[in-house]
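[1] no sequence for this one, just the structure:
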């Protein structure tokens with residue numbers, strides 16, 4: 001699972017580069033926000049995390065996420081349905097959660113690979129668009145909870 005180990009620091013480097021470019025162009029932010037890894041970038045953009053701390057956290061997060069993903073056979077899938085409809089369809093389904101609610105009719109589910117595949121198949125049979133995502137693990141689910149325990153808190 002080198003994808004997380006390498007990907008997270010790469011994301012951090014790209015985020016720093018974009019922030020530097022915006023600053024050189026004279027574009028400043030009035031507010032920042034982020035989801036998941038994007039929260040780290042937002043904290044750096046807001047000045048809460050120094051560049052060094054942000055990049056060190058990116059490296060550490062990549063390492064612990066890689067370890068957490070290697071310990072579980074997880075997957076994610078995109079689903080085109082309202083959150084309410086998806087919640088109804090997941091009622092009673094074990095090992096699958098709504099990981100992200102991205103838009104009124106677009107969410108991402110996460111969980112054990114077989115359980116997510118089963119949900120995708122059942123949704124497609126019901127003519128609800130769902131497709132597996134090419135990810136390294138079941139992000140935003142209990143299958144990667146060990147990463148939280150491993151990730152140290154840092155200060156700027």
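    Here it is on my side, so go on. Quick caveat, the model's predicted, so the values are computed rather than measured.
[2] Return the distance of the closest residue to residue 129 other than its chain neighbours relative to residue 117.
    Spatial nearest neighbour of residue 129, excluding adjacent residues (C-beta to C-beta, 6 or more residues apart in numbering): residue 80 at 3.9 Å. From N, CA and C alone the C-beta is placed, and that goes for glycine too. Residue 80 is 17 Å from residue 117, where distance means C-beta to C-beta, to the nearest Å.
[3] likewise residue 40?
    Residue 40 is 31 Å from residue 117, by C-beta to C-beta.
[4] what's the answer for residue 44, then?
    37 Å.
[5] Between the two, point out the one with more neighbours.
    Comparing residue 44 with residue 117 by other C-beta atoms under 10 Å, the one with more neighbours is residue 44, at 24 against 15.
[6] So which residues of this structure form helices?
    2-24, 37-45, 51-70, 83-90, 113-125, 146-150 (DSSP state H).
[7] Number of residues surrounding residue 83?
    16.
[8] Same list (the helices of the chain) but as CSV, adding mean pLDDT and distance to residue 76.
    Listed next are the helices of the chain as CSV, based on pLDDT from 0 to 100; distance: least, C-beta to C-beta, whole Å:
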stretch, mean pLDDT, distance to residue 76
helix 2-24, 87, 13
helix 37-45, 92, 14
helix 51-70, 88, 11
helix 83-90, 95, 13
helix 113-125, 97, 7
helix 146-150, 68, 15
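[9] I figured residue 6 hits residue 62, correct?
    Yes. The criterion here is C-beta atoms under 8 Å, and residue 6 meets it with residue 62 at 6.8 Å.
[10] neighbour count winner among the two?
    Counting neighbours by other C-beta under 10 Å for residue 6 and for residue 62 shows that residue 62 has the greater number, 23 against 13.
[11] got the contact list for the nearest residue to the more buried one once chain neighbours are set aside?
    Excluding its sequence neighbours, the residue lying closest to residue 62 (C-beta to C-beta, 6+ apart) is residue 8, at 3.1 Å. Residues counted as contacts of residue 8 (C-beta atoms under 8 Å, 6 or more residues apart in numbering) are 37, 58, 59, 61, 62, 65.
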